[in-house]
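Q: this is a predicted model, with the sequence first.
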Amino acid sequence: VRIYSNDPKLTRQGMLMKRMTTIDASKEVVVVVDPYSTGCLVVNEIRSRGYQVIACWTLGFSEEMKTHTPGAAGEMKYFAEVDEQEDIADTVKAI
């Protein structure tokens, strides 16, 4: 089930509608912003569901903090890593 809150085709009278999808999750990506600490566990859950993950790091996030992962998370492997740009449009382009 996929829900996009900004997609007008998925709303009826202001309420979101659920629609089934047949898209293979392995052909899609999920962008996680600052997958730091427990966010690493969120990444693992997303990956366990078959999705690839792009890490998007916000401006000013230190390189040292990017490597902070809980032992339970294991090694973090991302489909790609991008840095936040000066505005949202440029960040979307980078992704």
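A: On my side now, so go ahead.
Q: any low-confidence regions in the chain?
A: 1-23 (pLDDT under 70).
Q: select the longest helix from it.
A: Longest helix in the chain, counting residues (DSSP state H): helix 39-48.
Q: SS state for the most centrally placed residue in the chain?
A: The geometric centre of the chain, computed from its C-alpha atoms, lies nearest to residue 31 (C-alpha atoms, centre = their mean), at 2.2 Å. Using DSSP: H, G, I helix; E, B strand; the rest coil, the structure places residue 31 in strand.
Q: that one pairs with what?
A: Applying DSSP bridges to residue 31 yields these beta-bridge partners: residue 54.
Q: that one: what's it in contact with?
A: By C-beta atoms under 8 Å, 6 or more residues apart in numbering, residue 31 lies in contact with 53-56, 95. Backbone N, C-alpha and C define where each C-beta goes, glycine included.
Q: swap in residue 73?
A: 40-41, 43-44.
Q: just send those residues back as JSON lines, with distance to residue 26 and neighbour count too.
A: Conversion of those to JSON lines gives the following (distance: C-beta to C-beta, whole Å; neighbours: other C-beta atoms under 10 Å):
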{"residue": "40", "distance to residue 26": "20", "neighbour count": "20"}
{"residue": "41", "distance to residue 26": "21", "neighbour count": "15"}
{"residue": "43", "distance to residue 26": "16", "neighbour count": "21"}
{"residue": "44", "distance to residue 26": "16", "neighbour count": "17"}
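Q: and residue 36, how close does it get to residue 43?
A: Distance, residue 36 to residue 43, using C-beta to C-beta, to the nearest Å: 10 Å.
Q: revised request: answer the last question for residue 31.
A: Residue 31 is 11 Å from residue 43, by C-beta to C-beta.
Q: residues shared between the contacts of the two?
A: With C-beta under 8 Å, 6+ apart, residue 31 and residue 43 have common neighbours 53, 55.
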